[in-house]
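Chemist: Prediction below, plus the sequence it came from.
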Amino acid sequence: MSAVPELSIVVTIIDGGDCLRDFLRAVTSFDNPPSHEVILPYDASRPEVPAMAAEFPTVTFLDIGRIDPVHPITTEAGLHELYDRRRARGLAASTGRIVAILEDRGHPRADWARQIVRLHAETGCHVVGGGIECREPASLLNWAFYLTDFGRYGLPFESGPAEWVSDVNVSYSRQALEEMRPLWKERYHEPVLHKYLMDKGETLWLSNEMIIFHGRPPCTLGYLIPERFHWGRLFGHIRTMTIGEAERWKLILMSPLIPPVLWLRHGLTQKQKGRGLRYLKALPYTMILTTSWIAGEVWGYVTKKP
């Protein structure tokens, strides 16, 4: 029997194609990594993936067959279900002492794998998340997308306990993952897992040393507006699984105030990180994208549906 690896890396396909290939080059080129496995779950909707197996022989290409989501895969809800189910199948196939999740848009820094194992040992935390930098060059629109989703995770920041860590750069101890298996067996929902752990008194640790560089192909504002609305709606739907009715109605009633608060918060955060001028240039895009997201999120709270 082969030894149990220190680290399992579950890869979520978002863009696929050449974006996935570039990601796999990064994830198979770590500096002095611990023993690890890379698991790439793919379904019938990504027919281009099996052809990459010969190019990346150290990666486990996990064929999970056909998935028929509730909503068509031409919709954001359908795509999100595919991502959730691929992650769940990858987690189930993992064998490592620590299990991390990445997506093909987020290229890990060369020391990423080594840092994860060290951080779990030093902090004793069951969940360790990392920083998310914008992969350059990025257009002003793409940067606005990055900061509305991941701006809080951009360097510099102080490592320590956090209320949120992102599912595009997160890792779990085997103990925590097995304990939560009923919660992710069918679909992985990061807010559900993290709420469960925090309710138990566990700490989410956010590290400024476990870094990925996130980027997406160039896109248009016309594409991003509905995408942000639908992803916000999915987030609102998932969040209703973790909050009570009083909190849900509080969020609904306060929703008109949330976009201006976010614009101010994003601005202060980016100013502290030394990117205040870039934020001001991107502010029109930021205002549009955050408003689209909040509108969708509130619709998710109202309907409780994806």
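Modeler: Sure thing, it's come through. Residues are numbered from 1 along each chain as shown.

Chemist: Just the buried positions in stretch 143-150, please.
Modeler: 143-150 (16 or more other C-beta atoms under 10 Å). Where you see a C-beta, it was placed from the backbone N, CA and C, and this is true even at glycine.

Chemist: For the stretch 101-250 of the chain, give me the ranges with low pLDDT.
Modeler: By pLDDT under 70, the stretch 101-250 of the chain has no low-scoring segment.

Chemist: quick one: the strands in it?
Modeler: Assigned strands in the stretch 101-250 of the chain, in chain order: 106-108, 127-134, 160-162, 169-173, 204-214 (criterion: DSSP state E, counting those that start in this stretch).

Chemist: is it true that Tyr146 touches His214?
Modeler: Yes. With contact defined as C-beta atoms under 8 Å, Tyr146 and His214 form a contacting pair (6.3 Å).

Chemist: For these two, list the residues in contact with both.
Modeler: Shared contacts of Tyr146 and His214 (C-beta atoms under 8 Å, 6 or more residues apart in numbering): Cys134.

Chemist: The longest helix seen in the chain versus strand 127-134: what angle between them?
Modeler: The single longest helix within the chain, with elements called by DSSP state H, is helix 276-303. Per axes from the mean of the first three to the mean of the last three C-alpha atoms, to 10 degrees, the angle that helix 276-303 makes with strand 127-134 is 130 degrees.

Chemist: Buried residues in helix 276-303, which are they?
Modeler: Taking 16+ other C-beta under 10 Å as the criterion, helix 276-303 shows 278-279, 282, 285-302 as buried.

Chemist: what's the offset of it from the middle of its chain?
Modeler: With C-alpha atoms, centre = their mean, to the nearest Å as the basis, helix 276-303 stands 18 Å off its chain's centre.

Chemist: tell me what it is packed against?
Modeler: Applying 3 or more C-beta pairs under 8 Å, 6 or more residues apart in numbering; DSSP states H and E, one finds that helix 276-303 contacts helix 140-150, helix 221-239, helix 245-254, helix 258-272.

Chemist: quick one: the first one to chain centroid distance?
Modeler: Meaning helix 140-150. Helix 140-150 sits 14 Å away from the centroid of its parent chain (C-alpha atoms, centre = their mean).

Chemist: And that helix, what does it pack against?
Modeler: Checking 3+ C-beta pairs under 8 Å, 6+ apart, helix 140-150 ends up next to strand 127-134, helix 221-239, helix 258-272, helix 276-303.

Chemist: Between helix 276-303 and it, find me the angle.
Modeler: Using the same axes, to 10 degrees: helix 140-150 against helix 276-303 is 60 degrees.

Chemist: next one: the last one
Modeler: Orientation of helix 258-272 against helix 276-303 (the same axes, to 10 degrees) gives an angle of 150 degrees.

Chemist: With the third one instead?
Modeler: Calculated by the same axes, to 10 degrees, helix 245-254 forms an angle of 130 degrees with helix 276-303.

Chemist: Figure out which of the strands of the stretch 101-250 of the chain is closest to Ala3.
Modeler: Closest to Ala3 of those, according to C-beta to C-beta: strand 169-173, at 17.9 Å.

Chemist: Buried residues, the closest one. List them.
Modeler: Buried residues in strand 169-173, counted by 16+ other C-beta under 10 Å: 169-173.

Chemist: which one of those residues is nearest Asp15?
Modeler: Distances from Asp15 to the buried residues of strand 169-173, taken by C-beta to C-beta, are shortest for Asn169, at 16.5 Å.

Chemist: Return the member of the buried residues of stretch 143-150 nearest to Val117.
Modeler: When the buried residues of stretch 143-150 are compared for distance to Val117 (C-beta to C-beta), Phe150 wins out at 23.5 Å.

Chemist: Fine by me, thanks again.
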